[in-house]
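Trainee: Following is a predicted model, sequence given first.
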Amino acid sequence: MSLKGKLALVTGSGRGIGRAIALKLASQGADIIVDYFRHRESAEQTAKDIEALGVKAEVVRANVGDAAKIDELFDMIGNKFGHLDILINNAASGVGRPLADIDVKAWEWTMDINARALLLCAQRAAKLMEGRGGKIVSMSSLGSRFVLPNYTVVGVSKAALEALTRYLAIELAPRGICVNAVAASAVETEALKFYFKEGLAKDSRQATPAGRMVTPEDVANVVAFLCSEEAFMIRGQIIVIDGGTSIGLLAFAGKGE
Amino acid sequence: MNIEEQVRDILARITRVDKNIITREATFKEIKADSLDVVQALVAVEETFGIEIPDEEAQKFQNFGDFVCYVENRVAQKERA
């Protein structure tokens, strides 16, 4: 699978899953636009690592929860490059609270970054993919379909993202744009440690039939496949990457006790 | 309006607390600012002053005074550059 000569925007690619995806696409020859929001140094490190692979990297700061910043981001891409081949809608945020404590601010913050950003980025990306086709891949989560502790608003935002993925896939299909998403179980990243502490990681390892937690590289491998021509006929799908966790829930319930 | 007053206004708008509560000694907890409030305040301050405040630095702020000092220093650095 070669992405030589392609241009990919990976939102939230300074760290974690986004960084792994950016490096994977770069390793296959794509030039990468590294978008970040809060961690400039990490983003600059990702860009250096991308360039070490022999392709180009462009670092840009944009909070995808802010519609005006998305416009600025795509204005820059349009002016500087004039096109885009791949959009990886990875940036995410969330407020981990019990249902009773979710206020309008927490709801809007999470929904704007996790769900609305896909709509706004896809609208602008599709214009830059006009006449050349493209790939759009988003990060969902098992929390879109299963109930996780204190995950309500994130889970709902990911459910919206999945529905939007299906609608975009159909509407953009005639323009040669493939739209899909991946839904991973708990992935070993800094964000996981920040939001859930060590307990979830331990539980996830014990509940995974494949015997280990999902890594950012596991996710990046699937995303890279979805960005390849070999995946051309996969449209509007949510590919689960969980080592069998979601289908083995009952079989593995209580394992490790 | 000086930097301290502008930062105080931003924080008061986001947390919806009385500005008088936001003294230089007040902690984010005393201001009733949760983690989302803090991130939103950081973003608003960054945009107002055209600076960046890395999360690693923000985590060191013990109180509102630390936050203001950091912003004042970054703004001064920017003006010198």
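Mentor: Good, I have the coordinates.

Trainee: all contacts plus neighbour counts: C-alpha atoms, from now on.
Mentor: OK.

Trainee: how close does the residue nearest to A:Ala231 when sequence neighbours are not counted get to A:Gly134?
Mentor: Nearest-residue entry for A:Ala231: A:Phe225, 6.4 Å, with adjacent residues in sequence omitted and distances by C-alpha to C-alpha, 6 or more residues apart in numbering or on different chains. Taking C-alpha to C-alpha, to the nearest Å as the criterion, A:Phe225 is separated from A:Gly134 by 13 Å.

Trainee: ok, those two, which is more surrounded?
Mentor: A:Gly134 (28 against 14; other C-alpha atoms under 10 Å in any protein chain shown).

Trainee: my guess is the more buried one meets A:Asn180, correct?
Mentor: No. Contact status for A:Gly134 versus A:Asn180: not in contact, 11.5 Å apart, counting by C-alpha atoms under 8 Å.

Trainee: could you pull out the strands for chain B?
Mentor: Using DSSP state E, chain B contains no strands.

Trainee: for chain A, what are the nearby residues on it?
Mentor: If contacts are counted using C-alpha under 8 Å from any C-alpha of the partner chain, the residues of chain B sitting beside chain A are B:36, B:54-55.

Trainee: Let's see if you can find the most crowded of the residues you listed.
Mentor: For the residues of chain B next to chain A, neighbours were counted using other C-alpha under 10 Å, and B:Leu36 has the most, 16 neighbours in all.

Trainee: my read: that residue touches A:Val95, true?
Mentor: Yes. The pair B:Leu36 and A:Val95 passes the contact test of C-alpha under 8 Å, sitting 7.4 Å apart.

Trainee: hey, what's in contact with both of these two?
Mentor: Where contact means C-alpha atoms under 8 Å, 6 or more residues apart in numbering or on different chains, the residues bridging B:Leu36 and A:Val95 through contact with each are A:Ala106.

Trainee: Next, count neighbours for residue 13.
Mentor: Just so you know, I chose chain A. When neighbours are counted by other C-alpha under 10 Å, A:Ser13 comes out with 31.

Trainee: not what I meant, chain B
Mentor: 14.

Trainee: which stretches of chain B form helices?
Mentor: Per DSSP state H, chain B carries helices over the ranges B:3-15, B:35-49, B:55-58, B:64-80.

Trainee: weakest of these in terms of mean pLDDT?
Mentor: Across the helices of chain B, helix B:55-58 has the smallest mean pLDDT, namely a mean of 85.

Trainee: pLDDT score for A:His189?
Mentor: Just so we're on the same page, residue A:189 is Thr rather than His. Looking at A:Thr189, its pLDDT is 68.

Trainee: Run through the bridge partners of the nearest residue to A:Lys48 once chain neighbours are set aside.
Mentor: Ranked by C-alpha to C-alpha, 6+ apart and with sequence neighbours excluded, the top spatial neighbour of A:Lys48 is A:Ala57, at 7.7 Å. A:Ala57 has these beta-bridge partners by DSSP bridges: A:Ile32.

Trainee: A:Ala57 and A:Gln45 touch, don't they?
Mentor: No. Taking C-alpha under 8 Å as the definition, A:Ala57 is not a contact partner of A:Gln45, at 10.6 Å.

Trainee: Tell me which of those two has more neighbours.
Mentor: A:Ala57 (24 against 15).

Trainee: quick one, what contacts the more buried one?
Mentor: Residues in contact with A:Ala57 (C-alpha under 8 Å, 6+ apart) are A:31-34, A:47-48, A:50-51.

Trainee: rerun that using 6 Å as the cut-off
Mentor: If a contact means C-alpha atoms under 6 Å, 6 or more residues apart in numbering or on different chains, then A:Ala57 has A:31-33, A:47 as its contacts.

Trainee: cool, and A:Gly12?
Mentor: With contact taken as C-alpha under 6 Å, 6+ apart, A:Gly12 is in contact with A:18, A:35-36, A:90-91.

Trainee: Please check those and keep the buried ones.
Mentor: Among the contacts of A:Gly12, those that count as buried by neighbour count (16 or more other C-alpha atoms under 10 Å in any protein chain shown) are A:18, A:35-36, A:90-91.

Trainee: Could I get the buried residue list for stretch B:41-48?
Mentor: Across stretch B:41-48, burial judged by 16+ other C-alpha under 10 Å covers B:41-45.

Trainee: got a pLDDT number for whichever residue of chain B sits closest to chain A?
Mentor: Closest approach between chain B and chain A, counting by C-alpha to the nearest C-alpha: B:Pro54, at 6.1 Å. Among the per-residue scores, B:Pro54 holds a pLDDT of 86.

Trainee: Distance of it relative to B:Lys60?
Mentor: Taken as C-alpha to C-alpha, the spacing of B:Pro54 relative to B:Lys60 amounts to 10 Å.
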